[in-house]
Each structure stands twice: as C-alpha cells, then as structure tokens.
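Colleague: Okay, predicted coordinates and the sequence, questions at the end:
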Amino acid sequence: MSRHAVLAEQLPKRLEQLDDYFAAQEARLGDVRPGAEKLIVWGDESSPDGHKRRAPWAVVYLHGFTATRQELDPVPQLVAQGLGAHLFYTRLSGHGRPGEAMERMKLSQWKADALEALAVGRMLGERVLVIGMSTGATLAAWAAQKKAGRGVAAWIMVSPNFSPKDPFAALLNWPIGRWLARKVHGPLMGAPAQDELRARVWTSPHPTTALFPMMALVAQVRASRLESVSAPLQILYSPRDTVIDVKAVRAAYARFGSHPKQLVEVNYSESPGQHVLAGAIEAPQASAPLAAEMLAFVQGLDAPGS
C-alpha cells in the first residue's frame with residue numbers, strides 16, 4: 001500500500017470526526033502553541049440534519065519554514081470564502097512548538113504532513129486547491145509530482161523557495177555543510193522576534209540544524225521533473241524579495257508543465273521583507289488584493305477555453 005493510501009486509511013471516515021481527531025493528535029504533543037494547531041475552518045456546507053458534507057472546493061494551506069498557519073491569514077480564509085470551500089491548515093512537524101522541536105524534525109515528516117493534508121483536502125472538497133507559502137510552496141512542488149498530488153485541481157505558490165537568496169545556503173547540502181553551518185552560526189540562528197505576536201507565529205531564533213531538511217527539500221525539488229506537473233499553477237512573488245532568489249522562481253516557473261499557468265509579480269505589498277506578501281501581521285493592506293488575484297485565477301479555470 002502506498003504512503004498516501006496509508007495516511008488516508010488513518011484518517012477518520014466521517015467529516016464530523018476530523019476536528020476531534022486533529023485536536024487529539026496535537027494535544028498528545030503537549031507543547032503546540034495556541035493558534036498553531038492543525039485546524040479546519042468549515043464553510044457553509046451542511047446537510048439538513050446538521051451533519052457536515054463535502055464542499056465544491058477544499059483549500060489546503062502549507063505554511064513556510066519556521067512559520068505557522070497564521071503567517072498569511074486572512075488570505076487563505078478569504079479564498080476559501082470566495083470558493084464556498086472548507087479550509088484545512090496543516091502544521092508541519094517541528095513548527096509551532098518550542099525551538100528544540102525544530103532541531104529534531106526530518107524532511108520525511110514534512111512530506112508525510114503534506115500527504116496527510118492532501119488526503120484531508122480530498123475528504124473536504126470535490127476539488128482541491130493547495131496554497132503553499134515559501135518552503136510550503138517547495139513542499140507543494142514536491143507533492144504535485146506524487147500520486148497523491150495528481151488529483152489536485154490547482155496549485156498556488158506564494159514566494160516559493162526554490163533557492164534562498166543567500167548563495168552560501170547551497171553549501172548546507174555538501175558533506176561539510178553541517179559542520180560549516182554549526183561553526184559559522186553556532187546552535188541558533190536568526191534574530192529574536194520583534195514582538196510577542198511574531199514570537200507566537202514564527203520560531204525565531206531557530207536551531208541551525210533546522211536548515212538541513214529545508215535545504216535538502218530545495219535541492220530535491222530543483223532536481224525533480226517539474227515538467228511533469230500539469231495541473232493549473234499560479235505563482236505570486238515580489239522581485240524585491242529579501243529571502244529567496246527571484247531568478248530561481250522564474251526559472252522554476254518556466255519548467256512547470258502546468259496549463260494554464262500564471263506568474264504574477266506583486267508590486268502592491270507593504271511587507272518590509274517582500275517575502276510574506278500579505279497577512280494581518282506583515283502586510284494587511286495587501287491581503288484583499290492578493291486573495292482576489294488567487295480567486296480570479298481559480299474561478300477562471302471554469303471559463304470556456306481555459
């Protein structure tokens with residue numbers, strides 16, 4: 001049995017059981033920060049007897065490295081509302097917990113998290129839209145090439161991490177990379193969070209070792225067959241992004257075999273780093289227009305000739 005089939009088997013059979021399932025799953029860890037938990041935001045779909053039912057669409061959100069589901073809010077919710085969709089926020093392993101949890105996380109766990117999220121999406125909606133932010137978008141690009149990803153109706157990637165802006169980051173995948181990273185940065189890297197809200201949403205500083213699964217994922221996806229992805233794709237990015245290599249975004253976009261596909265240059269975000277392009281924390285004024293860009297793309301898929 002394939003990995004995604006195993007994950008689907010582990011999920012409850014009824015939609016009404018999903019909330020309790022994820023609440024228990026997160027509670028067992030004992031240290032997930034409030035607001036970071038895996039969460040379903042239910043749309044208006046319900047049967048006359050009050051039971052939940054599948055919606056026309058399900059939106060699945062994959063957050064970025066060191067982040068949690070709140071990084072881009074309310075954008076995913078605005079998109080879900082526009083589609084009449086249920087929304088599933090996953091929590092990638094090691095995230096939304098004390099910093100030492102990030103030290104222990106593995107790339108295989110993130111991949112399992114993504115496959116679980118796709119399985120939940122299939123339960124929630126007739127069609128599935130996946131929104132990935134930064135390294136969550138990298139993970140989406142990996143998942144899009146797997147059997148579990150072939151049924152996804154559309155993919156949206158915001159500031160996708162196909163290469164960090166720091167040219168030395170690629171050294172982390174060298175045999176000496178781990179030693180070098182610890183030698184240069186020590187056990188922790190990144191500045192402390194600017195305020196209490198950001199400290200709840202992002203893990204900063206984070207263990208230096210957390211970089212290793214992130215860079216391994218980037219290397220795997222860059223070497224993968226992006227040309228094999230055929231589902232519709234929209235990529236939104238800023239040419240002034242201070243976190244990722246914009247040239248790598250454009251190069252990856254050109255390789256995707258998606259039809260239709262759309263590369264959107266976002267020039268209206270007030271985000272200081274031009275990476276998290278919207279959301280109540282980093283760029284609240286950009287949230288509505290970014291969500292509108294996404295909705296226009298997805299709703300346009302049903303237009304004649306699309």
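Modeller: Thanks, I have it.

Colleague: switch to C-alpha atoms for all contacts and neighbour counts from now on
Modeller: Noted.

Colleague: In contact with the residue nearest the centre of the chain, which residues?
Modeller: Nearest residue to the geometric centre of the chain (C-alpha atoms, centre = their mean): residue 62, 2.0 Å. By C-alpha atoms under 8 Å, 6 or more residues apart in numbering, residue 62 lies in contact with 69, 89-92, 114, 130-133, 136-137, 139-140.

Colleague: Roughly how far does it sit from residue 114?
Modeller: 7 Å (C-alpha to C-alpha, to the nearest Å).

Colleague: what's the overlap in contacts for those two?
Modeller: Joint contacts of residue 62 and residue 114 (C-alpha under 8 Å, 6+ apart) are 90, 92, 139-140.

Colleague: is the residue nearest to the centre of the chain in a bridge, and if so with what?
Modeller: residue 132 (DSSP bridges).

Colleague: quick revisit: and which of the shared contacts of residue 62 and residue 114 is nearest residue 155?
Modeller: Closest approach to residue 155 among those (C-alpha to C-alpha): residue 140, at 7.7 Å.

Colleague: wait, what's in contact with that closest one?
Modeller: Contacts of residue 140 (C-alpha under 8 Å, 6+ apart): 62, 114, 130-132, 155, 157.

Colleague: The same query, at a cut-off of 10 Å, please.
Modeller: 61-62, 111, 114-115, 118, 130-134, 149, 155-157, 160, 221 (C-alpha atoms under 10 Å, 6 or more residues apart in numbering).

Colleague: now the stretch 101-250 of the chain, which segments are flagged as low pLDDT?
Modeller: Along the stretch 101-250 of the chain, the parts satisfying pLDDT under 70 run over 167-187.

Colleague: all helices of it, in order?
Modeller: 107-124, 135-143, 177-185, 196-201, 211-222, 246-255 (DSSP state H, counting those that start in this stretch).

Colleague: So which of those helices is the most surrounded?
Modeller: helix 135-143 (a mean of 26; mean count of other C-alpha atoms under 10 Å).

Colleague: quick one, that helix and helix 211-222 angle?
Modeller: 50 degrees (axes from the mean of the first three to the mean of the last three C-alpha atoms, to 10 degrees).

Colleague: roughly how far out does stretch 269-282 sit from the chain middle?
Modeller: Taking C-alpha atoms, centre = their mean, to the nearest Å, the mean C-alpha location of stretch 269-282 is offset from the chain mean by 16 Å.

Colleague: what does it rub up against?
Modeller: Contacts of stretch 269-282 (C-alpha under 10 Å, 6+ apart): 64, 70-76, 133-134, 158-161, 197-198, 201, 236-244, 266-268, 283-291.

Colleague: mind listing which of those are in strands?
Modeller: 133, 158, 236-237 (DSSP state E).

Colleague: export the residues you listed to TSV and tack on distance to residue 205 and neighbour count?
Modeller: Shown next, in TSV, are the ones in strands among the contacts of stretch 269-282 (distance: C-alpha to C-alpha, whole Å; neighbours: other C-alpha atoms under 10 Å):
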residue	distance to residue 205	neighbour count
133	20	28
158	23	28
236	27	20
237	25	24
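
Colleague: Need those residues in JSON lines (columns: distance to residue 301).
Modeller: Shown next, in JSON lines, are the ones in strands among the contacts of stretch 269-282 (distance: C-alpha to C-alpha, whole Å):
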{"residue": "133", "distance to residue 301": "21"}
{"residue": "158", "distance to residue 301": "19"}
{"residue": "236", "distance to residue 301": "17"}
{"residue": "237", "distance to residue 301": "21"}
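
Colleague: Nearest to residue 210 among these?
Modeller: Once C-alpha to C-alpha is applied, the member of the ones in strands among the contacts of stretch 269-282 that ends up nearest residue 210 is residue 133, at 17.5 Å.

Colleague: got the contact list for that closest one?
Modeller: 61-65, 67, 69, 71-72, 139-140, 156-161, 236, 275-277.

Colleague: Return a ChimeraX selection command for the buried portion of those.
Modeller: The ChimeraX selection below is limited to those of the contacts of residue 133 classed as buried (16 or more other C-alpha atoms under 10 Å):
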select :61,62,63,64,65,67,69,71,72,139,140,156,157,158,159,160,161,236,275,276,277
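
Colleague: Show the model's pLDDT score for the residue nearest to residue 43 when sequence neighbours are not counted.
Modeller: Distance criterion C-alpha to C-alpha, 6 or more residues apart in numbering; nearest residue to residue 43, sequence neighbours excluded, is residue 86 at 4.8 Å. pLDDT recorded at residue 86 is 97.
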